[in-house]
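**Q** let me see the structure of the following:
(chains A, B, C and D)
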Protein chains: 2
Amino acid sequence: MNGTTARSTQLLRQINSDALLRFGLQEQVFTAGEAMAVTGLTRATVLGVCDGLVDAGWLEEVDDGRAGGHTPKGRPARRYQLREAAGVVVGLDAGETYFTVIVADLRGRELGTRRQGIESHALGREGRGASARELIRLTLQDVGRAPDDVLLTVVGVPAPIDANGMSPDGEFWHLMNSGFASHLHGRVVVENDANLAAVAERAHEPSANQATLLTGERFGAGLIVDGRLLRGPRGGAGEMRFLDTLTAGKFVPDEGGADGFGALARKWARSRIHSYEGETMLRQMPEGEINAEDVFQAAREGDPFAEDIIARLGARLARIAVVLSSLLDIERVVIAGGISRAIEPVLEHARSLLPTDTGLPLPELVASTFGAQVVVKGAIESALTQIKAEPHAFLPRAARS
Amino acid sequence: MNGTTARSTQLLRQINSDALLRFGLQEQVFTAGEAMAVTGLTRATVLGVCDGLVDAGWLEEVDDGRAGGHTPKGRPARRYQLREAAGVVVGLDAGETYFTVIVADLRGRELGTRRQGIESHALGREGRGASARELIRLTLQDVGRAPDDVLLTVVGVPAPIDANGMSPDGEFWHLMNSGFASHLHGRVVVENDANLAAVAERAHEPSANQATLLTGERFGAGLIVDGRLLRGPRGGAGEMRFLDTLTAGKFVPDEGGADGFGALARKWARSRIHSYEGETMLRQMPEGEINAEDVFQAAREGDPFAEDIIARLGARLARIAVVLSSLLDIERVVIAGGISRAIEPVLEHARSLLPTDTGLPLPELVASTFGAQVVVKGAIESALTQIKAEPHAFLPRAARS
DNA sequence: GACCTAAATATAAGATCCATATAAATCTTC
DNA sequence: GAAGATTTATATGGATCTTATATTTAGGTC
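**A** Numbers count the residues shown, from 1 in each chain, chains lettered A, B, ... in the order given. Purely as a prediction, here's the structure:
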């Protein structure tokens, strides 16, 4: 009755049903004939399977007269489409200081979104979980959906996540990975935020080998090699601690592997502005109030102190790109996160530092176009991918009770 | 008739047949009852599928009276086993200076092996291809098999290999990847040698996240993350060029990313022995004749000059291990290749250099136990894995013509 | 030799898909 | 507006494969 364990005689039907539903998930509307071409099945079989999917609540027949009538002659084809009411997916970016929710339909169209500041350290795990539940509840309400409509919720957190959704020991990680599965309604998958950013970038530009660096306040990388997201037994794939270990010998205090470019720009600016001997407009503001945006802005205006920081970030990025390109044959490095809108000068400098004498193609360095929404977008994309991977594992909101 | 394109009605039979054959490939002999437990199918179905596999030439019924009679009561079960004559697999390590062949049966048991020195640069591509064919022919002859018995030949070469078996441009790589598919009989798969070494190590110690460094004369790494071998669009995953780029600033001439530990030990010894001021037994031999073995031997005997080289190798290995552990969450680093038998002192020194303050588990550093045979063993393992992945894509030597 | 047991076989039934034939719905043409 | 053309939907029979049940078979035990 539950469909998860199929008897062997019904296996074939399930395979065909999944294939057809997968087709339906990416098409607006489709006819049996189109499905026949894709699946290689007979018309009778396709229609039978579609019947089943309509009964299950996944599909609905669209009888729009001749609205999409692109068949000039012959009996009009029956046309099917994904049932709008079958369900929605929820993406949640559960960052340290902000939560962002998107509710999307099964084709990935955004239905509603909300964003809220979060005092994680004041709220604690419980508070983060409760806030997430409430924010999702409100967003669902905005778009007139019930919690039961949600087929899958994907949550992005700034912590390593293993295959079971768990993080390694560590106070910060324990706080970030707040046990959302028990707080939220229905099926929940927790994933590392940088990994979700990588999923978003892959959906946007389908390269099978690319790295996405999520680098605002914290730093994380989502690695996609041979079309697959790398994880590691403890979810540690994409950590960048090695950067500092390798520059060992000369001890560089401020370079934290966990710091994103935004944090580094701020820290470097604040700690070096005293020892800097030239002119800089940043000296006009109190040292404790210099932020990354100020540094980027000053650099745009030609301030040499700020430009030096940009150059140092570029050098850091170049080192990362060389390692990824060499070790993993990565073709494309995407800088994502809120900072991505201002990152172009850093990219330019990094490109100039890439070694050209290896004879091998250089990795492409680009800025994400998703801005601060990468992680949520990736969460939605990830949810849809999981549903497409095994549709029968998800039950649509019933059509007939 | 060819079985590659199955009609939908026969798909189920094929799925079950493959599952059963996969079971047969890993068991010595099995009864229908055991297969029922594994596949979940009915006895009638299992016996029907087995009939088909016997007809196809994959299995044979073993009627050994009660040789393995561990069923005291009831009618004795029919027992099946893989048909010895169904076929063999061939593994070829096509290195720069040596070829090694193993012919193995479908359970991975070595039937015969041969090894031969190869003057690659004198022979050229054609010569390498012809030598490979001849060496395989002889080994098959040794064990009384015909070329048609070979279901799959896997060739390991010291060059990056992409998903289509091609290498990037480069004279050396073009020479090494000698177009074996056209020279050898039957189905041929070409793979990077370090990747095959990694496959061998995974079969030996099944960790889903380990790196295998093939490091005698040349250097290459086979990376297994989340249980999968990484490749990259140009087969470049596992290249280690980055090591030198990262130590940039101070220019170190002798550290070539392409050099293995053996080559480095030799080069360092020869180039530094003049400037070394202390005593060293290596000075007793002509500078041009010092080899890696001499350095390792001297270090074992406490020679400080040799010990310093060991320490430098250890430091290099430690850096590699840190990067792999941090960036890919690698749990285990295996040093493989002919040099692995002597590498333990290097491992010891490298372990002492691993940072202990990260709070994360350190990667395990171990020496391979396969010695110079890693690559061939991996080739055999890879061939068996591919056959298990889709048995129906391979046709056994016919039982009845 | 009778009895017990577990496996093999035989038979009928259920599920699925395909091939073919037939009916239906729409457009075109006269 | 009716006939023809065209494409799709539906109905029917057949083939394949799996399952369930009943029956037979091959060994051992007493």
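
**Q** may I ask which helix or strand encompasses residue A:316?
**A** If you go by DSSP states H and E, residue A:316 is part of helix A:304-328.

**Q** buried sites along that helix?
**A** By neighbour count on 16 or more other Cβ atoms under 10 Å in any protein chain shown, the buried set for helix A:304-328 is A:305-314, A:316-328. Placement of C-beta: from N, CA and C, glycine included.

**Q** kindly report the same for stretch A:140-160.
**A** By neighbour count with 16+ other Cβ under 10 Å, stretch A:140-160 contains the buried residues A:140, A:145, A:149-160.

**Q** any weak-confidence spans in the stretch 301-401 of chain A?
**A** Residues of the stretch 301-401 of chain A meeting the criterion pLDDT under 70: A:357-359, A:399-401.

**Q** the strands in it, which residues?
**A** Here the stretch 301-401 of chain A has its strands, by DSSP state E, counting those that start in this stretch, at A:332-336, A:364-367.

**Q** the longest one versus helix A:304-328: what angle between them?
**A** Between the axis of strand A:332-336 and that of helix A:304-328 there is an angle of 140 degrees, by axes from the mean of the first three to the mean of the last three Cα atoms, to 10 degrees.

**Q** identify all contacting residues around strand A:332-336.
**A** A:197-198, A:200-201, A:205, A:207, A:209-215, A:261, A:317, A:320-321, A:324-325, A:343, A:346-347, A:363-368, A:370, A:374 (Cβ atoms under 8 Å, 6 or more residues apart in numbering or on different chains).

**Q** and the residue nearest to residue A:294 when sequence neighbours are not counted, what does it touch?
**A** Excluding the flanking residues, the one nearest residue A:294 by Cβ to Cβ, 6 or more residues apart in numbering or on different chains is residue A:282, at 6.3 Å. With contacts defined as Cβ under 8 Å, 6+ apart, residue A:282 is in contact with A:269, A:273, A:290, A:294-295, A:298, A:303, A:305-306.

**Q** most neighbours among these, which one?
**A** Neighbour counts for those peak at residue A:295, which has 26 neighbours (criterion: other Cβ atoms under 10 Å in any protein chain shown).

**Q** so that residue touches residue A:267, yeah?
**A** No - contact between residue A:295 and residue A:267 fails when scored by Cβ atoms under 8 Å: they sit 10.3 Å apart.

**Q** check the secondary structure at the residue lying closest to residue A:124 once chain neighbours are set aside for me.
**A** Distances taken as Cβ to Cβ, 6+ apart place residue A:175 nearest to residue A:124, at 7.0 Å, with adjacent residues excluded. Three-state assignment for residue A:175 (DSSP: H, G, I helix; E, B strand; the rest coil): helix.

**Q** how about stretch A:76-83 as CSV, C-alpha atoms only?
**A** C-alpha atoms of stretch A:76-83 as CSV (Å, rounded to 0.1, in the frame of the first residue of the first chain):
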residue,chain,number,x,y,z
PRO,A,76,-6.7,16.1,-30.7
ALA,A,77,-4.3,14.5,-28.3
ARG,A,78,-5.1,14.2,-24.6
ARG,A,79,-2.8,16.4,-22.8
TYR,A,80,-1.4,16.1,-19.3
GLN,A,81,0.3,18.4,-16.9
LEU,A,82,1.7,18.3,-13.4
ARG,A,83,-1.1,18.9,-10.9
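
**Q** list the buried ones in that stretch?
**A** Neighbour counts over stretch A:76-83 (16+ other Cβ under 10 Å) mark A:77, A:79-83 as buried.

**Q** looking at the strands of the stretch 301-401 of chain A, which is closest to DNA strand C?
**A** Ranking the strands of the stretch 301-401 of chain A by their distance to DNA strand C (criterion: Cβ to the nearest atom of the strand) puts strand A:332-336 first, at 39.9 Å.

**Q** put the alpha carbons of that closest one into PDB.
**A** The C-alpha trace of strand A:332-336 is given here as PDB (Å, rounded to 0.1, in the frame of the first residue of the first chain):
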ATOM      1  CA  ARG A 332      35.000  26.700 -13.500                       C
ATOM      2  CA  VAL A 333      35.200  28.500 -10.100                       C
ATOM      3  CA  VAL A 334      32.100  30.500  -9.100                       C
ATOM      4  CA  ILE A 335      32.200  33.000  -6.300                       C
ATOM      5  CA  ALA A 336      28.900  33.100  -4.700                       C
END
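
**Q** how close does residue A:306 sit to chain B?
**A** Relative to chain B, residue A:306 is positioned 24 Å away (Cβ to the nearest Cβ, to the nearest Å).

**Q** tell me how far that residue lies from residue A:277.
**A** Using Cβ to Cβ, to the nearest Å, residue A:306 is found at 15 Å from residue A:277.

**Q** same question for residue A:48.
**A** 80 Å.

**Q** who has more neighbours, these two?
**A** Using other Cβ under 10 Å as the criterion, residue A:48 and residue A:277 rank with residue A:48 on top: 15 against 6.

**Q** assign that one to helix, strand or coil.
**A** Three-state assignment for residue A:48 (three-state DSSP): helix.

**Q** look up how far residue A:347 lies from the residue nearest to residue A:294.
**A** Separation of residue A:282 from residue A:347 (Cβ to Cβ): 22 Å.

**Q** quick check: closest non-adjacent residue to residue A:64.
**A** Per Cβ to Cβ, 6+ apart, closest to residue A:64 is residue A:79, 7.5 Å.

**Q** could I get the contacting residues of that neighbour?
**A** For residue A:79, the contact set (Cβ under 8 Å, 6+ apart) comprises A:29-31, A:61-64, A:68.

**Q** mind doing that once more with 7 Å?
**A** Residues near residue A:79 by Cβ atoms under 7 Å, 6 or more residues apart in numbering or on different chains: A:29-31, A:62, A:68.

**Q** which one (most neighbours) among the residues you listed?
**A** residue A:30 (22 neighbours).

**Q** just checking, that residue touches residue A:78?
**A** No - judged on Cβ atoms under 7 Å, residue A:30 makes no contact with residue A:78 at a distance of 10.1 Å.

**Q** hmm, back to that, looking at the buried residues of stretch A:140-160, which are in helices?
**A** Secondary structure assignment by DSSP state H places residue A:140 of the buried residues of stretch A:140-160 in helices.

**Q** closest one of the buried residues of stretch A:140-160 to residue A:171?
**A** Distance to residue A:171, by Cβ to Cβ, is smallest for residue A:159 among the buried residues of stretch A:140-160, at 10.8 Å.

**Q** one step back: so what does the residue nearest to residue A:64 have for phi and psi?
**A** phi -120, psi 140 (degrees, to the nearest 10).

**Q** turn the buried residues of stretch A:76-83 into a markdown table, columns for distance to residue B:8.
**A** Listed next are these as a markdown table, based on distance: Cβ to Cβ, whole Å:
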| residue | distance to residue B:8 |
| --- | --- |
| A:77 | 22 |
| A:79 | 24 |
| A:80 | 20 |
| A:81 | 25 |
| A:82 | 24 |
| A:83 | 26 |
